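>>> below is the sequence, then the predicted model.
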Amino acid sequence: MIIVYTDGASNGNPGTSGAGIYMKHNDTFKSYHIPLGVMTNHEAEFNAVIHALSICQRSFPNEILSFRTDSKIVVDTIEKDYTRNEMFIPLLNKIREKASAFPYFFIKWIPEKQNFHADRLARQAIKN
């Protein structure tokens, strides 16, 4: 099983944004900081999940994925598989598509203090 922590950050809302991804596989850790351009904080949170799924497709195909994020809106949208927000519909569709390539995809909300690695990486992505 791959444990994936994701976070999105924006300098302004909307503003310059970044994604932070921290992955644990057995005793191996991988970290990614990805500049996202200008978007809202919520869009950055969704895009962090999308980028993490893309990385998992390349590096860990057919693995069980357990994602953790401190974004309640992302977790609620994915768990309910529904949103009324027009901006989030294409993002949810991308997540559905990418997650369907894996045997199991779980996502869970965690407190911000437990997501410090991904948060630090997202903030680093903004600076780059």
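Happy to help now that I have it.

>>> make it CA atoms for all contacts and neighbour counts henceforth
Fine.

>>> assign Asp7 to helix, strand or coil.
strand (DSSP: H, G, I helix; E, B strand; the rest coil).

>>> and it, what are its bridge partners?
Applying DSSP bridges to Asp7 gives these bridge partners: Gly20.

>>> start at 875 instead
That works, and once the first residue is 875, the last one we named lands at Asp881.

>>> looking at it, it is touching Asn915, isn't it?
No - using C-alpha atoms under 8 Å as the test, Asp881 is too far from Asn915 to be in contact (9.7 Å).

>>> more neighbours, these two?
Asp881 (32 against 23; other C-alpha atoms under 10 Å).

>>> now the strands for this structure?
Using DSSP state E, the strands of the chain run over 876-886, 889-899, 902-913, 939-943, 979-983.

>>> tell me if I'm right that Asn992 and Ile895 touch.
Heads up, residue 992 is Ala, not Asn. Yes - if you go by C-alpha under 8 Å, Ala992 and Ile895 touch, sitting 5.2 Å apart.

>>> common neighbours of these two, please.
Residues touching both Ala992 and Ile895 (C-alpha atoms under 8 Å, 6 or more residues apart in numbering) are Tyr879, Thr880, Asp881, Ser905.

>>> tell me which of the residues you listed is nearest to Ser928?
Thr880 (12.7 Å; C-alpha to C-alpha).

>>> not counting sequence-adjacent ones, nearest residue to that closest one?
The shortest distance from Thr880 to any non-neighbouring residue, by C-alpha to C-alpha, 6 or more residues apart in numbering, is to Ile895 (4.7 Å).

>>> any low-confidence regions in the chain?
Along the chain, no part satisfies pLDDT under 70.

>>> how close does the most centrally placed residue in it get to Lys1001?
Against the mean C-alpha coordinate of the chain, by C-alpha atoms, centre = their mean, the closest residue is Val923 at 2.3 Å. Using C-alpha to C-alpha, to the nearest Å, one gets 20 Å for the distance from Val923 to Lys1001.

>>> over to Gln931?
Taking C-alpha to C-alpha, one finds Gln931 at 27 Å from Lys1001.

>>> hmm, Ala893 and Arg994 touching each other?
No - in this structure, Arg994 is not within contact of Ala893 by C-alpha under 8 Å, at 9.6 Å.
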